[in-house]
Structures are given as structure tokens and as C-alpha cells.
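Asker: fold the following for me, if possible:
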Amino acid sequence: MTADGVGAGAGRGRTGLAAGSGAARGGVGPVTGGDAVRLSGRGIRSLIGFRVLPAAGVLAGHLAPFAAVMVPATAGAWQAVDRVNYLAVDVFFLLSGFGIALGRAASGGGGHGRFLWMRLARLWPLHAVVLAGLAVGAVLSDVLGLGFERGGTWGSFAAQALLLHGWGFADSLSWNGPTWSLSAELACYLVFPVIWALAGRVSGARAAWCWHFVALGVVFGAYRVLGADDAHLTYLAPLWRAVGDFTAGALLSRAHLAGGRVPEVLGRWALPLVAGVVALVPALALVGAPPLWALVLVGPAVLGVAQERAAVRRVFRGPVALRLGRYSFAVFVVQVPCLLALSPFVGGVLGVVLVVAVVLVVAVVCHHAVEAPCQRALRAWWGR
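Answerer: Model (predicted):
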């Protein structure tokens, strides 16, 4: 998942979207790079770099069970990471709603069919290529007896290929498991006209903040009833989480556009707010509370980063942060297949470092060879 379509400028009370930017054209996208968030020079570039933080959280969580085996002495620490990292996906859902709503506000509308095509051009090609690679591995394993563990049926493969596997009522993840969130993101895109019809009616910063927290309250309430466990958050009922976070992000965009004193103050305190979110997640886990509750600080932190004050630019607009932010979607899609392929053959601390390095290298290659060119080609095809 990625933070998509954040093509708004850091203006106080203005959209800041360049008319020719991808967000202004409605071509906004996810968890979820520079191509995913087609920015002009006046875009909120700091939110590209900011995506490195939730992307690192997702990678750490998926690495945790492998690293605990590779370095047994660190198993306790990795188990703790595994219990709290899921909030990173919620951050991506919220960022996506924020950016896509800003794009819609700047473009003034546009056909929903075109919007969905642009989003699928962002989500599907690399997902399909990686999934096809897993299918080839499964077939060769069956023929040659290699013991490839795909963890799913061919029926679940079809659901995953169609991005229908993250809508709930599942009992486990299979194939490229983390891509359930891409499926949930697609569900948000499908209902976006309804979300925008509601969010677009909100005027004024106070009302926007109020409804932002109401949307989060629905998420908290749903999992208070269902259970804030991994099964309900990920397998059985993930859409409460995805659509709620996405809607909260869309409402946050209204607070950004309303301007006023609050965004300015949050801009000054952006880095402490980001640090507060990072610290609050393990603190909640230590007292037995769901880390999901840290979402109450995520919105203010995101809006603070969006103001792009000097300190934020130094941290999140550096060349390394921007580059890693652009690769974050590819990192997300390839990480588990890489972990499954490499972990049986490496061990120790150096093995963990090697696995992470390979994930990054494969992601860079996939971004340039598959993700970016396929996205450009599919978007151009629509415009013919």
C-alpha cells in the first residue's frame, strides 16, 4: 500500500496542486513512488519521503518471523515488532485517502471509470508479474518435487489475481499475502464517489477535524466489537479498517484545504508529532492496548508534514528519502517472495542484512523494469 496522489502544495488554505500534475488529472495512486504520486514541483514532496517510515514498518513486520529464526537471540524483539507493525498499513490507507481527495478537489471531478483505470495502472501490473512468478514456481515445484510452499489453492490465486482477496471472510493469507491491502485499497477506490460526496460537503476546519475523528471512531468501534486481532484486522473484516482510514484521510484533506491556524501549528510540530506516533505504538502495546489507537496522532502528523516547513524538508525531502519513497510500492510487493526465497539459505545478522539488501535491489529493478513503464503505457492507452 502506498500513499497515493499526494500532489497538493503545502499552502495554507490553498490546494497547491499544479494543473498539469497527476493528482490534478485524477491519476492518483497507492501503499502505497514518484510515478504513484505524479507530482509537479509544487507538490507535497515531503509526503513521498514520509512514506519511508510506514514502508519500513511493513518490511520489519514481514521480516520479523524470518529474522527471529535467523538470529534466535533477537526473537523476543522481533516478536514485539510483529505485534505492532500492522499500524503502518493503516497509515498508508489514510495517506491514500488524503492524497486522492486533494486530487479530486483540484480536478473538480472527472469520470469514475478513468479514475479506476489510472488506479489499476498503478496497482496491478507489478502485482500481476510477481504473482505470475509465484505461479511458475508452484508449477515447477509440482513437476520437479521442489517443495515450494505457496500456502494457497489455485482458487485463491485467481481471487488474488483479480484483487478480490482482501475484502474479508478469509481464514489466512496465501501466495503473496501482503497484497490483501492492495485489494482493500481497490475497494476504497470503488466506493470513492460515495466517500467524496460526503467529504466534499464538509466545509470549515472544525467540521473537517470532527468528522475525521468520527471516521476513526468507526474503525475503533468496529474492532472493539469484532476484536482488534490479526484475524479480524487482516483476514475476516479488513474493510472496516481500510475504508475507515481512507475516509479519515479524505476528511483530513478538507482540514488542509480549510487552512487557518491549526495547520500552521501542526507544521511547526510535525517532527515531534511523527516521533510521538512512533513512540506511542510500542507504548500502547506495553499496556495491552491496540496499537491501532495511535491513529489519533497520525492525522495531525500527516497534516503537519504536509505544511513542508524547513525542518520537515530537511528530513523528508532529501534525495535518499525521496528515492526510497518512490520505490516503496515495489518494496511492498516483492518483499515476501524475496524473504521466502532467500531465508532458507542464509542465517545470522549478516543474513538478515543480505535479505533486506536483496529486497531493495529487486524492488529498484522491478520499479524501473515493470512498475513505471507499465503504468505509463496503461495511462497512455486510456488517452488514445
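Asker: so how far is stretch 207-219 from its chain's centroid?
Answerer: The chain centre lies 20 Å from the centre of stretch 207-219; the measure is CA atoms, centre = their mean, to the nearest Å.
Asker: oh, I was asking about stretch 58-78
Answerer: With CA atoms, centre = their mean, you get 22 Å for stretch 58-78.
Asker: list the buried ones in that stretch?
Answerer: 58-68, 70-71, 78 (16 or more other CB atoms under 10 Å). Yep, even glycine has a C-beta here, placed from its N, CA and C like the rest.
Asker: which residue ranges of the stretch 251-384 of the chain form strands?
Answerer: Counting by DSSP state E, counting those that start in this stretch, the stretch 251-384 of the chain forms no strands at all.
Asker: show me where it has its helices.
Answerer: 261-268, 270-286, 295-306, 310-316, 319-326, 328-342, 348-366, 372-383 (DSSP state H, counting those that start in this stretch).
Asker: circling back to that earlier point, just name the closest of the buried residues of stretch 58-78 to Ala184, please.
Answerer: Val58 (13.9 Å; CB to CB).
Asker: how close does the closest residue to the closest one other than its chain neighbours sit to Val81?
Answerer: Among residues not flanking Val58 along the chain, Ala88 sits closest, at 4.7 Å (CB to CB, 6 or more residues apart in numbering). Distance of Ala88 to Val81, computed by CB to CB, to the nearest Å: 11 Å.
Asker: common neighbours of the two, please.
Answerer: Gly61 (CB atoms under 8 Å, 6 or more residues apart in numbering).
Asker: these two: which is more packed in?
Answerer: Neighbour totals were compared for Ala88 and Val81, and Ala88 leads with 23 against 18 (other CB atoms under 10 Å).
Asker: so which helix or strand takes in that one?
Answerer: helix 87-107 (DSSP states H and E).
Asker: ditto for Arg122
Answerer: helix 112-144.
Asker: touching, Leu190 and Leu116? I think so.
Answerer: Yes - with contacts counted by CB atoms under 8 Å, Leu190 reaches Leu116, the gap being 7.3 Å.
Asker: quick check: which ranges of the stretch 101-250 of the chain have low pLDDT?
Answerer: 109, 145-151 (pLDDT under 70).
Asker: need the distance between the two termini of stretch 166-182.
Answerer: For stretch 166-182, the first-to-last residue distance is 7 Å (CA to CA, to the nearest Å).
Asker: that stretch: which residues count as buried?
Answerer: Under 16+ other CB under 10 Å, the buried positions of stretch 166-182 are 166-168, 170, 173-182.
Asker: same check on stretch 370-384?
Answerer: 370-372, 374-375, 378-379.
Asker: including pLDDT, could those go into a markdown table?
Answerer: Shown next, in a markdown table, are those (pLDDT from 0 to 100):
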| residue | pLDDT |
| --- | --- |
| Val370 | 97 |
| Glu371 | 97 |
| Ala372 | 96 |
| Cys374 | 96 |
| Gln375 | 95 |
| Leu378 | 94 |
| Arg379 | 91 |
